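Engineer: What follows is a predicted protein model with its sequence.
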Amino acid sequence: MKKFNIRKVLDGLTAVSSPSPSPQPGVKENDLIPETLQSEHFQLCKTVRHGFPYQPSSMAFDPVQKILAIGTQSGALRLFGRPGVECYCQHESGAAVIQLQFLINEGALVSALADDSIHLWNLRQKRPAILHSLKFNRERITFCHLPFQSKWLYVGTERGNIHIVNVESFTLSGYTIMWNKAIELSSKAHPGPVVHISDNPMDEGKLILGFESGIVVLWDLKSKKADYRYTYDEAIHSLAWHHEGKQFICSHSDGTLTIWNVKSPSKPAQTITPHGKQPKDGKKPEPCKPILKVEYKTTRAGDPFMIFSGGLSYDTVGRRPCLTVMHGKSTAVLEMDYPIVDFLTLCETPYPNDFQEPYAVVVLLDKDLVVIDLAQNGYPIFENPYPLSIHESPVTCCEYIADCSVDLIPALYSVGSRQKRQGYSKKEWPISGGNWGQGTQSYPEIIITGHADGSVKFWDASAIMLQVLYKLKTAKVFERSRCKEDKPSTEIVDEDPFAIQLMSWCPDSRVLCVAGVSAHVIIYRFSKQEITTEVVQLLEVRLQYELNDLESPEVGGDQSPAPPTPSTSPSPQSAAPQTHASTSSNSSDGMRDNVPCLKVRSTPLKQSPGYQVELVVQLVWVSGEPPQQISSLAINSSYGLVVFGNTNGLAVVDYLQKTVLLNLGTVELYGSNDPYQRQPRSPRKSRQPSGGLGDINEGSATSEDRCKSPTSVLMPNHQQFYNGGGRGAKMSRKLSLPTELKPDLVLLSVCPPRAAVPLDNRDNSFSRSRSSSVTSIDKDAREAITSFYFCETYTHKTDTVLSPSLWVGTSLGTVLVISLNLPPAGEQRLLQPVIVSPSGTLIRLKGSVLRMAFLDATGSLLPPPSEPWHEPNAPDDREERDKVRKRRPMSVSPSASQELTENQYAVVCSEKQAKVIALPSQTCMFKHNITETSFVLRADVVQMGTGICVACFCANGHIMTLSLPGLRPLLDVNYLPLTDMRIARTFCFSNLGQALYLTSPTEIQRLTYSQDVCENLQEMLGELFTPVETPEAPNRGFFKGLFGGGAQSLDREELFGESGAGKASRSLAQHIPGPGGIEGMKGAASGVVGDLARARIALDERGQKLSEVEERTAAMMASADSFSKHAHELMLKCKDKKWYQF
């Protein structure tokens, strides 16, 4: 799978160390652990896409198959059946989908795109594929119509012409309706684009054409002329028939509806302005907003339904978008949360010439899908079973846990099911087509998403489905400001101050820790009982970096999806609003100091079953300087500790005793062994704005972003520097009082990135190849904490016993170790202090440290120690609690002898390199340079069935896996160039070959890098098409049959076929054959699997063709039988008549 690349070869030749992994000197080959994973175990493919279709543009429904299709502005196609049956397809051109039309009950769909192409999709396979395409060259498509059970598609254009396409062969008919033939000969004006085409429900030979200017034409297909023309002086937006074919209704741009009798073209039979104020003097009502679409549906038992979108009065300023349902004398106005893109009325019958019996309305909104029950009073909505609420608040981070404990999903579901809202329709969800896949994948999977409003959602992601389990609102812990004026002036972000930035979850103990943009950390415990917390426990931490002259402030950075505040003002004081920045002046009066950004609520907090707050930790302002945002976070339930770090340093908190154990600047972690000479210099006066994830919702990266470190790209732009004073660096313990700020040093709001990195230090051997987004002191003045790992390991080379420790990775590629001395478990753990002591540097790598993990002597993964979950609010049973709280013993190497054999291996992965270090000797066993020209955005050490590996996602779009402990490259696929910071922010790997990222602000894309999953994927996917009998056509009745009433059929083949209409101009449209059914099998196109899959598809298609022949034969037999009956009736009628009676 690896492509040959000459640049990589050159990089390899010029690199200081060989990019291929090799055992370091002194490592004997026979000592190495055998590796089970090989490159044939890996294959990359997309599995499924979840969430709401981003920027939807059109919609269609198959009333027999009960399948919904949604097209988007980026050319995507999403198909929905019963809950759990979903499918995603993509048009290659990426043009917007302007219209969709199902071939009802045929397992096919026609899509019309903004690039004037139409496509036929085969839905009879698990991965739909395009069978045919037709690209119009000279005309722009505006509207399409495919009559039920017809193979002839009418295509209206911007020029006002109508072309006819054979859906089976995707060729144009020679029959064309030209606009100048359709309108009055005396009319000189062009009627405008075609906005509507449909045939008369009772007569297929009569076609109604709606032109934008307000002209409607009833066209006789056989005689090729207009029967009637209807003119109204307002533009038409849509048109709908009454099922009897004697009336139709038009919606107009002035908010009116006109109802016309087919045989009375002179004026409308009725004109309604549903939302217009009716003047008393009989004049025309005031014009309203345009009615964009209208549907006219009849019922046997009562009044018809008129349903339309838009049409509100212009004086309803601030009113939300509405759908209006008029039924008899009642008019219901249903307000929507987002703009209406399209709506469809679901009816009992697919036949347009029968009573429609509407039962629901599907409303496609800009950011939601709503289904309204028309059969119940008050029109309640159906509870939506699809996972379309991912973007309810923008996603800011996510985590993916595959193959977790089986009791987690039921536990989360039991507390989450109580959060469901009431008042939904009691009926079954009406979109119920398709069948679930028959996959064998059975392990539980959980996705956790953090959001801009401070909420955290847990999702069941097992077996390629997605269902929300539980939602936690972290903002409840804080006081909310009623209005903007009430906002505390200490806030460091303008919007979304509660946005989640990082999450750390221990699945065993179910302890959750989140870090937010306002430099706050909250620890939660899981409980099945409701409690009321009188006082929320709070710790305030003063974490600062005391090289006085070091930091130049930045303005307006925030990690929320709010747009960044640009700083263009020459005066620092006015560069940001008062809620966003603090300035220190010559006097220290009014300087913010020792105050947190948010205020924790002082009133009692009622906590429902689920996650309940245990402790809130907040970083405080220091001498007028706001706290730096948190860049790394970890929690350990066995030790009872949480640790977090930023560009200033790190803090270790004992959440059992509610105390701060360690509060150190990064420099102090090194002690006297600091490898970097940190000489403060004056900051640069100006600086290029660095792009980043300013808006997680939208936004794409600029060209500069793509060449930056991931630790630097993930931040808002528009950062500006101002001069600071020039005084020598002064170090001090962080628990001491802060040193005074030099009076002429102006400080502004500093909101750093997820992991802020200094500029490259070209003097040391670990030079960085890119500039970063934070601070501008050369010689690496600011070193951010980027990763943590709790473990029981050998801290020193001389150690023979495992001891608890915390490993810390920094943005300069250094790994430091902090020793942890814990009291015995039980009561003493709560009374005696935990002793925490830094013990120096162990490892240095190129680039920022992203991930650390540990292997035992056999090469198996050692998870961090953890304790099992217990109910925190249970009656105080000390002995039981003590048993549970004992730390899980770590597996010690089987080698019992005191020889210096290696008992553990540390795996460290940075933006550039991966290393495997033997412990306790601390020798580097393996080293691999992952990338020379790019950098790693995300790295995870994952379990893959028989073995473990390092999985990496690079900024250049490559996904790679490396074996452990040997670091052999096993997979390298150029999957996706980094086009958006959202992808960098949300990409994560999980066990058993699973991975995901946020592909748009509303959708999660899941993929696999496992060969096993790729091979089984076809079975796991649901089927969209299921064989269903088409309902019987409505009975014509005796009198209608006798007197020529009822639906009139039309031989379209004779009229539109080549023999009747001739050939169409070749230059008008170009036919493009599609990849067909084989395309859907590319995911499994390797070896015998691919051959079998292709054979299966070919058989399916052959069976499909045979079934079509069978259906046609049956139709011909029915036709012959009908003809025989009519002939017999005619013979009986005429048998006794004389010749002169004819």
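Structural biologist: Cool, got the structure.
Engineer: For Lys225, which residues are in contact?
Structural biologist: Lys181, Trp219 (CB atoms under 8 Å, 6 or more residues apart in numbering). C-beta: built from backbone N, CA, C; applies to glycine.
Engineer: May I have the phi/psi pair for it?
Structural biologist: Note on Lys225: its backbone torsions stand at phi -150, psi 170 [degrees, to the nearest 10].
Engineer: ditto for the one 4 residues further on
Structural biologist: In terms of degrees, to the nearest 10, the main-chain angles of Arg229 are phi -130, psi 130.
Engineer: Does it touch Pro191 like I think?
Structural biologist: No - counting by CB atoms under 8 Å, Arg229 sits too far from Pro191 to count as a contact (9.9 Å).
Engineer: Contacts only, for the residue nearest the centre of the chain.
Structural biologist: The centre of the chain sits closest to Glu1003, judged by CA atoms, centre = their mean, with a distance of 2.0 Å. By CB under 8 Å, 6+ apart, the residues touching Glu1003 are Arg49, His50, Gly51, Phe52, Pro53, Tyr54, Ile390.
Engineer: Identify the bridge partners of the third one.
Structural biologist: To tie it back to what came earlier, the one meant is Gly51. On the basis of DSSP bridges, Gly51 is bridged to Glu1003.
Engineer: For the contacts of Glu1003, give me JSON lines that also has neighbour count, pLDDT and distance to Lys606.
Structural biologist: Shown next, in JSON lines, are these (neighbours: other CB atoms under 10 Å; pLDDT from 0 to 100; distance: CB to CB, whole Å):
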{"residue": "Arg49", "neighbour count": "22", "pLDDT": "95", "distance to Lys606": "38"}
{"residue": "His50", "neighbour count": "24", "pLDDT": "96", "distance to Lys606": "33"}
{"residue": "Gly51", "neighbour count": "23", "pLDDT": "96", "distance to Lys606": "32"}
{"residue": "Phe52", "neighbour count": "26", "pLDDT": "97", "distance to Lys606": "32"}
{"residue": "Pro53", "neighbour count": "27", "pLDDT": "97", "distance to Lys606": "38"}
{"residue": "Tyr54", "neighbour count": "17", "pLDDT": "96", "distance to Lys606": "37"}
{"residue": "Ile390", "neighbour count": "25", "pLDDT": "94", "distance to Lys606": "28"}
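Engineer: quick check, nearest of these to Val341?
Structural biologist: The shortest approach to Val341 among the contacts of Glu1003 belongs to Pro53, at 10.0 Å (CB to CB).
Engineer: quick one: secondary structure of that closest one?
Structural biologist: Classification of Pro53 using DSSP: H, G, I helix; E, B strand; the rest coil returns coil.
Engineer: So it sits against Leu68, correct?
Structural biologist: No - Pro53 lies out of contact with Leu68 (CB under 8 Å); the separation is 10.7 Å.
Engineer: Between Arg229 and Pro191, which contacts overlap?
Structural biologist: Ile183, Ile215.
Engineer: out of those two, which sits in the busier spot?
Structural biologist: Pro191 (25 against 17; other CB atoms under 10 Å).
Engineer: how far away is that one from Pro53?
Structural biologist: Pro191 sits 34 Å away from Pro53, going by CB to CB, to the nearest Å.
Engineer: for Tyr670, same thing?
Structural biologist: 51 Å.
Engineer: Ok, Ser518 next?
Structural biologist: 33 Å.
Engineer: now the strands for the stretch 451-600 of the chain?
Structural biologist: For the stretch 451-600 of the chain, applying DSSP state E, counting those that start in this stretch gives strands covering 455-460, 467-473, 500-506, 511-516, 520-527, 531-533, 538-541.
Engineer: Need the contact partners of the fifth one.
Structural biologist: Contact with strand 520-527 is made by 411, 472, 474, 477, 510-516, 596-598, 607, 609-619, 630, 633, 635, 642, 644, 653, 655, 869, 871-873, as judged by CB under 8 Å, 6+ apart.
Engineer: and those, which of them are in helices?
Structural biologist: Secondary structure from DSSP state H places Ala411 of the contacts of strand 520-527 in helices.
Engineer: remind me which residues of the stretch 1-150 of the chain are low pLDDT?
Structural biologist: 1-32 (pLDDT under 70).
Engineer: repeat that for 50
Structural biologist: 1-19, 26-30 (pLDDT under 50).
Engineer: How are the helices of it distributed by residue range?
Structural biologist: 6-14 (DSSP state H, counting those that start in this stretch).
Engineer: ditto for the chain
Structural biologist: 6-14, 179-182, 408-416, 666-670, 710-713, 827-831, 878-885, 981-986, 1011-1020, 1038-1043, 1052-1056, 1058-1061, 1087-1134.
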